[in-house]
Every structure is written in C-alpha cells, then in structure tokens.
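Visitor: fold the following.
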Amino acid sequence: MTMQPSTAGTSRIVWPSVITVISAAILIGAEVFGAAFAGGWALAIALGLGDLGAHILQAVMFGIGVLIMIAFIRAAQRIEPFTRRA
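Guide: Below you'll find the model as predicted:
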C-alpha cells in the first residue's frame, strides 16, 4: 500500500497577484496618506486651529486613510486572489 500526500485543502500562493496588489497599494497609499497630511494641515490653517489642531486633524485623516487602504486591499484581493487551490 503506497501513501500519497494529500493535496486536499492546500493552497498555492499566486505571486503575480500578490505583487500586483502590493504595488498598487504602495502607489495608492502614498497618495492617500500624502493627501491626509496635507489636507489636515490645510484645514487647520483654514480654520485657524494652530499646530495642535493640525496634528489632530492629520491623525484623524490618517486614520481615515488606513480605513481606505484596508478597503482597497480587501476589494483587490477579491479581484486578484492571493491563493489558488493546488
């Protein structure tokens, strides 16, 4: 009797999909976080909030940017799956 390793339930990483999503996330992340910091600074100046207000607005907008990036990664993973059944 020969023992064959079971391939049921195993997955292979699809590296082209992973690299595509990571590359897009880096590009979009730079834009999102750059806009968050610049937007927080600009809004603080427009509203006359000072340095502390600028830092608070930047932190809030940075948090929104993190949520945007999480949503992007999840949506991209649905379109470009990271794993495939072997």
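
Visitor: for the biggest helix by length in the chain, buried residues please.
Guide: If you go by DSSP state H, the chain has its longest helix at helix 15-47. Judged by neighbour count using 16 or more other CB atoms under 10 Å, the buried positions of helix 15-47 are S17, V21, I28, G29, V32, F33, A36, F37, G40, W41, L43, A44. Yep, even glycine has a C-beta here, placed from its N, CA and C like the rest.

Visitor: repeat for stretch 66-85
Guide: When neighbours are counted by 16+ other CB under 10 Å, the buried residues of stretch 66-85 are found to be I68, F72, A76.

Visitor: and it, how far from the chain's centre?
Guide: 8 Å (CA atoms, centre = their mean, to the nearest Å).

Visitor: show me the contact partners of it.
Guide: 10-14, 17-18, 20-21, 24-25, 28-29, 32 (CB atoms under 8 Å, 6 or more residues apart in numbering).

Visitor: adding distance to E80 and pLDDT, write those residues out as TSV.
Guide: Output for those, formatted as TSV (distance: CB to CB, whole Å; pLDDT from 0 to 100):
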residue	distance to E80	pLDDT
T10	20	84
S11	15	85
R12	14	91
I13	12	88
V14	8	89
S17	4	89
V18	8	91
T20	6	92
V21	6	92
A24	9	93
A25	11	93
I28	14	93
G29	17	92
V32	19	91
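
Visitor: torsion angles phi and psi at the residue most central in space within the chain?
Guide: With distances taken as CA atoms, centre = their mean, M69 lies nearest the centre of the chain, 3.2 Å away. Main-chain dihedrals, M69, degrees, to the nearest 10: phi -70, psi -40.

Visitor: that's all I had, so thanks and see you.
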